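>>> predicted model follows, preceded by the sequence.
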2 protein chains.
Amino acid sequence: MSSRSQTIADILTRAIIDHRLVPGCKLGERELSEIFDVSRIVVRQALIRLADDGLAQIERNRGAFVAKPSMQEAMEIYDALTLVEQGVAAQLSDRLGPAGWAELRQHVERQRQAVASGNDALADVLGQEFHTVFVRLSRNKVMQEIHAQLVRRTTLLRSLITADFDYCNLLDDHSRVVDLLEKGRLKQAMDLIDTHHRTVVRGYIMDREVFPEMTPAEALAPYLDGKADGATPIAPRKPAKSSGNGDGTAHAHVHLPKQDPAPKSRASAKKTNRGLPA
Amino acid sequence: MSSRSQTIADILTRAIIDHRLVPGCKLGERELSEIFDVSRIVVRQALIRLADDGLAQIERNRGAFVAKPSMQEAMEIYDALTLVEQGVAAQLSDRLGPAGWAELRQHVERQRQAVASGNDALADVLGQEFHTVFVRLSRNKVMQEIHAQLVRRTTLLRSLITADFDYCNLLDDHSRVVDLLEKGRLKQAMDLIDTHHRTVVRGYIMDREVFPEMTPAEALAPYLDGKADGATPIAPRKPAKSSGNGDGTAHAHVHLPKQDPAPKSRASAKKTNRGLPA
DNA sequence: AACACAAGATTGGATATCAATCAATGACTT
DNA sequence: AAGTCATTGATTGATATCCAATCTTGTGTT
């Protein structure tokens, strides 16, 4: 079992890539420590991990916030992702065996079925997973980790934009990349990878104002004792601290941007939850 | 000014890439907290950062150690580095302007002069720096950070091997890569980058047992002076804490990594500083 | 010698506390 | 009334102390 701060960092990461915690959202130490029922120190260690991963930014004496990358940074992230995947493509076109190609095709097929059956959420997940599988076939764990981090950051970026993708189109890209690579047409495959990501970026109109639809406590609730992802149970709890904290519900104060019109949305607004919790 | 744990993480990183802290070296919380005169918690946060960077590994209930990558991991790191630099090469061959090429040439020239004047240590530093400059010209900060991390890890790897490089050869590679790229012969340049790194890896006979030649206190002493900011502390400074070892550790910039027969334990007798303080 | 067990040391974590800093508020001036 | 400045409150960065769990070590027994 890894450390608690790692567990919490994982949960926060999950919540961020599920778009339950959106860019700019304050990650207060005290608030999180009450949510997870751990000490502030553990929370801080988790936040350090998040910041190292580029998913949070810590401002001295002000606290941690979910990262809010600039357009410039968004481009750089996609550039880096393109570079990595092109490189992996070059490797795979040399070294990948039949089993590998089969796995890729099978994955594309699964996504195709998801699209066909109208399961957009699943299609979205599979669409992202394709890239992960792609890189995993390079059998380079270091590269995998770098790539996974970039993917997480692109997923974060999606919180900032108005999603407007054509899944079928992107799916076709995946399929065609596999085809081209297997036929040894590396150059074309690499160009397609580039176009693929540019297509995504082109849809990026970063409408800079994003405000949280839920408090962190609400956003994180689904991850707290579900253990859906087979991870660690959060805490076997010791006797409560008896110190007058009567109601027990960590009803957090909302940290909303000022010019915020009127989101009193504490009442579980199940809105466009694009994410996929477990 | 960034947090203290960041400062300490930076110093530890520095000490590791200077080969003053060698793989496997125990990084005890209490010991480090006394050395840096901070609390254990700050040290722990620094160690978390190191571990996230791949420079340390934390074993639960056992503590943190300087990372000791396997041969497999070493290969993966170099593979990833090659992939990144090849990708950057492709970008530069498209987009780099005259000023950029000039900067690269100038850098190669500086290293050439260092080699000519017999300043091996400087040549080594410049040789590594070339790769950093190369990637910086891509103007992609995300990519830069990924690359820098990989470079740090390769530098760590050098602690595990018996260094036996032919600097002139590697320098020639740099020069030729610039030439080829500027002439638009991308494919050849990329092949050369690959060969370049393979040349380095080929020299890797990871003689698994590395022994620390100094205690962490001795290894870290040179970095401890001002402690306020930590720009580039190479000033020799005596430890403020008494603690018995009054030796001032005159650290010479020696670059003679001749294999040392294994001493017994951490008996700090010799100070063959193999590192390359900038 | 091999094994079991107790003692010590180290880590992971909790709690309480303090200083520094930032945000918000309110008082005061113009 | 508007604007500026000081006070207050809240949050972070960091420390010290304490505790439980685990690892290491050394010793004693078989």
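Nice, thanks for sending it over.
>>> show the contacting residues for the residue of the stretch 51-200 of chain A found nearest DNA strand D.
Residue nearest to DNA strand D within the stretch 51-200 of chain A: residue A:63 (3.3 Å; C-beta to the nearest atom of the strand). Glycine gets a C-beta too; all of them are placed from N, C-alpha and C. Contacts for residue A:63 were tallied using C-beta atoms under 8 Å, 6 or more residues apart in numbering or on different chains; they are A:26, A:27, A:28, A:29.
>>> and the residue nearest to residue A:3 when sequence neighbours are not counted, how many neighbours?
Nearest residue to residue A:3, sequence neighbours excluded (C-beta to C-beta, 6 or more residues apart in numbering or on different chains): residue B:60, at 6.8 Å. Counted with other C-beta atoms under 10 Å in any protein chain shown, the neighbours of residue B:60 add up to 9.
>>> now swap in residue A:204 and tell me
Counted with other C-beta under 10 Å, residue A:204 comes out at 18.
>>> do you know the pLDDT at it?
Note on residue A:204: pLDDT of 70.
>>> now do the helices in chain A.
A:4-17, A:29-36, A:40-52, A:71-95, A:98-116, A:120-136, A:141-157, A:167-182, A:186-202, A:216-224 (DSSP state H).
>>> enumerate every residue touching the closest residue to residue A:73 other than its chain neighbours.
Once flanking residues are discounted, residue A:73 sits nearest to residue B:142: 6.9 Å by C-beta to C-beta, 6+ apart. Residue B:142 makes contacts with A:54, A:73, A:76, A:77, A:79, A:80, A:150, as judged by C-beta under 8 Å, 6+ apart.
>>> can you list the residues of chain A near DNA strand D?
By C-beta under 7 Å from any atom of the strand, the residues of chain A that approach DNA strand D are A:26, A:28-30, A:40-41, A:44, A:58, A:60-64, A:253.
>>> mind doing that once more with 6 Å?
For chain A, the residues in contact with DNA strand D (C-beta under 6 Å from any atom of the strand) are A:28, A:29, A:30, A:44, A:58, A:60, A:61, A:63.
>>> mind putting those residues in CSV, pLDDT included?
CSV is the format used below for the residues of chain A next to DNA strand D (pLDDT from 0 to 100):
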residue, pLDDT
A:28, 94
A:29, 95
A:30, 94
A:44, 97
A:58, 96
A:60, 93
A:61, 92
A:63, 94
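>>> I'd like to know how far the residue nearest to residue A:23 when sequence neighbours are not counted sits from DNA strand C.
Distance criterion C-beta to C-beta, 6+ apart; nearest residue to residue A:23, sequence neighbours excluded, is residue A:68 at 3.8 Å. Computed as C-beta to the nearest atom of the strand, to the nearest Å, the residue A:68 to DNA strand C distance reads 15 Å.
>>> cool, and residue A:77?
Applying C-beta to the nearest atom of the strand to residue A:77 and DNA strand C gives a distance of 27 Å.
>>> in contact with that residue, which residues?
A:69, A:150, A:153, A:154, A:157, B:142.
>>> give me the pLDDT for it.
For residue A:77, pLDDT reads 97.
>>> ok, residue A:240 next?
At residue A:240, pLDDT is 34.
>>> same deal with the one 5 residues further on?
In this model, residue A:245 is scored at 35, pLDDT.
>>> nearest to residue B:173, out of the helices of chain A?
Nearest to residue B:173 among the helices of chain A is helix A:71-95; the distance by C-beta to C-beta comes to 19.3 Å.
>>> that older thread, relative to residue B:100, which of the helices of chain A is closest?
Nearest of the helices of chain A to residue B:100, taken as C-beta to C-beta: helix A:71-95 at 16.7 Å.
>>> need the residues of chain A near DNA strand C, please.
A:3, A:4, A:5, A:38, A:39, A:41, A:42, A:61, A:62, A:241.
>>> before we move on, back to that, and of the contacts of residue A:63, the nearest to residue A:125?
Ranked by distance to residue A:125 (C-beta to C-beta), the contacts of residue A:63 are led by residue A:27 at 24.9 Å.
>>> would you check that the closest one makes contact with residue A:47?
Yes: using C-beta atoms under 8 Å, residue A:27 is in contact with residue A:47, at 6.2 Å.
>>> ok, residue A:87 touching residue B:88?
No: the criterion here is C-beta under 8 Å, and residue A:87 misses it with residue B:88 at 10.2 Å.
>>> picking that back up, which of the contacts of residue A:77 are buried?
With burial judged by 16 or more other C-beta atoms under 10 Å in any protein chain shown, the buried subset of the contacts of residue A:77 is A:69, A:150, A:153, A:154, A:157, B:142.
>>> residues contacting the fifth one?
When you say that, I think you mean residue A:157. A:69, A:74, A:77, A:204.
>>> at 10 Å what do you get?
Residues near residue A:157 by C-beta atoms under 10 Å, 6 or more residues apart in numbering or on different chains: A:23, A:67-69, A:71, A:73-74, A:77-78, A:200-201, A:204, A:206.
>>> if any of those are buried, put those into a PyMOL selection.
Provided next is the PyMOL selection string for whichever of these are buried by 16+ other C-beta under 10 Å:
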select buried, chain A and resi 23+67+68+69+73+74+77+78+200+201+204+206
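>>> now, which of the contacts of residue A:157 sits nearest DNA strand C?
The closest of the contacts of residue A:157, once distances to DNA strand C are taken by C-beta to the nearest atom of the strand, is residue A:68, at 14.8 Å.
>>> so residue A:88 sits against residue A:132, correct?
No: using C-beta atoms under 10 Å, residue A:88 is not in contact with residue A:132; the gap is 11.0 Å.
>>> the two: which is more packed in?
residue A:88 (24 against 14).
>>> per-residue pLDDT, that one?
Residue A:88 is given a pLDDT of 98.
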